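[1] Structure for this input, please:
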Amino acid sequence: MDKISIFGLALGLAAIVFGQVLEGGHVSSLIQPTAFLIVAGGTLGAVMLQSPLPVFVDGMRMVRWVFVPPVAAHDWLIEEATGWSHTARKEGLLALEARIETLPDPFMRKGVQLLVDGVEPERLRELLEVEIDATERQLRLSARIWEAAGGYSPTIGILGAVMGLIHVMENLSDPSRLGAGIAVAFVATIYGVGFANLVFLPISKKLMAHIGNITSQREMLVDGLVGIANGDNPRIIETRMRGHIAS
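    Numbers count the residues shown, from 1 in each chain. Modelled structure (predicted):
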């Protein structure tokens, strides 16, 4: 569980609510179902319009990474790769075949299978890097739906504000209905800007960070596999792989 994400979201919302209270306002004045419907529905519709269905679905599924991020397994990968190197030097590459089915990640299984099949080191790197690039592009495309939501949300909020003001202008003869229209107008703007800067854009940035981490792990694995294919010393392989970890 990513505690800083939970704390950051709670802190941002609490700051807005307590700021409202300190100014003498009421929390209930920030709760406007009509404004929420306009901003949330309009933003969702705009994002769905711009995105192919598989990209939209993948982006929605990825939001869980904000609170339960993918496991950072750099140290484990280094340990595994150096173990494979020792085995390959003592027993040959074919000895690794028995381990393939025990690996948890399809990319790892593919890489080790290519290694066992005797693919040339540079060809091995080329094949795996093509898959890394394709996966990274797909993940980034899915994560960008949240960035898009952050761009649409403030504009939809302004649209809600204009609609509220139109409602006010239509009811100038009835003062009892002016308050509701004005409230929708201002709260819609708050929702639009607030969702964008407290939720949508931060989610996009965090997903991009996780995607970068996944890509780094895979690139590190490729370096390890190529080193094994070249017959490098396990210590050299470990040193090269550790170079991918930020100090």
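
[2] From here on, just use CA atoms for contacts and neighbour counts.
    OK.

[3] Check the secondary structure at residue 69 for me.
    Using DSSP: H, G, I helix; E, B strand; the rest coil, the secondary structure recorded for residue 69 is coil.

[4] Tell me who's in contact with it.
    1-2, 210 (C-alpha atoms under 8 Å, 6 or more residues apart in numbering).

[5] Can I get the residues you listed in TSV including neighbour count, secondary structure and distance to residue 47?
    Putting the contacts of residue 69 into TSV (neighbours: other C-alpha atoms under 10 Å; DSSP: H, G, I helix; E, B strand; the rest coil; distance: C-alpha to C-alpha, whole Å) gives the following:
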residue	neighbour count	secondary structure	distance to residue 47
1	11	coil	28
2	11	coil	26
210	18	helix	22
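
[6] Is residue 147 within a helix or a strand, and which one?
    Secondary-structure element containing residue 147, defined by DSSP states H and E: helix 121-170.

[7] how much does the helix or strand just after that helix deviate in direction from helix 121-170?
    The C-terminal neighbour of helix 121-170 among helices and strands, as given by DSSP H and E, is helix 178-195. Counting by axes from the mean of the first three to the mean of the last three C-alpha atoms, to 10 degrees, helix 178-195 points 170 degrees away from the direction of helix 121-170.

[8] and helix 178-195, which residues are buried?
    Neighbour-count burial for helix 178-195, counted by 16 or more other C-alpha atoms under 10 Å, picks out 178, 181-195.

[9] Check stretch 74-87 too.
    Residues 74, 77-78, 81-82, 84-87 are the ones in stretch 74-87 that count as buried (16+ other C-alpha under 10 Å).

[10] if we take the buried residues of helix 178-195, which one ends up nearest to residue 119?
    Distance from residue 119 was checked for each of the buried residues of helix 178-195 by C-alpha to C-alpha. The minimum falls on residue 195, at 49.7 Å.

[11] Check the residue most central in space within the chain and give its pLDDT.
    Among the residues of the chain, residue 207 comes closest to the average C-alpha position under C-alpha atoms, centre = their mean, at 1.8 Å. The predicted structure scores residue 207 at 95 on the pLDDT scale.

[12] Give me the nearest residue to it, chain neighbours excluded.
    With C-alpha to C-alpha, 6 or more residues apart in numbering as the criterion, residue 207 has its nearest non-adjacent residue at 6.2 Å, and that residue is residue 143.

[13] tell me what the helix or strand harbouring residue 202 is packed against?
    Assigned by DSSP H and E, residue 202 falls within helix 201-230. Under the contact definition 3 or more C-alpha pairs under 8 Å, 6 or more residues apart in numbering; DSSP states H and E, helix 201-230 sits against helix 74-91, helix 106-116, helix 121-170, helix 234-242.

[14] can you list the domains in this structure?
    The record, using automatic domain parsing to delimit domains, assigns the chain the ranges 1-31, 33-247.

[15] ok now the last one, how far from the chain's centre?
    On the basis of C-alpha atoms, centre = their mean, to the nearest Å, domain 33-247 sits 3 Å off its chain's mean C-alpha point.

[16] Over to the shortest one?
    From the chain centre to the centre of domain 1-31 is a distance of 23 Å (C-alpha atoms, centre = their mean).

[17] Would you mark the buried spots in that domain?
    Neighbour-count burial for domain 1-31, with 16+ other C-alpha under 10 Å as criterion, is recorded at 5, 17, 30.

[18] Nearest to residue 120 among those residues?
    Here the nearest of those to residue 120, counting by C-alpha to C-alpha, is residue 5; it sits at 43.5 Å.
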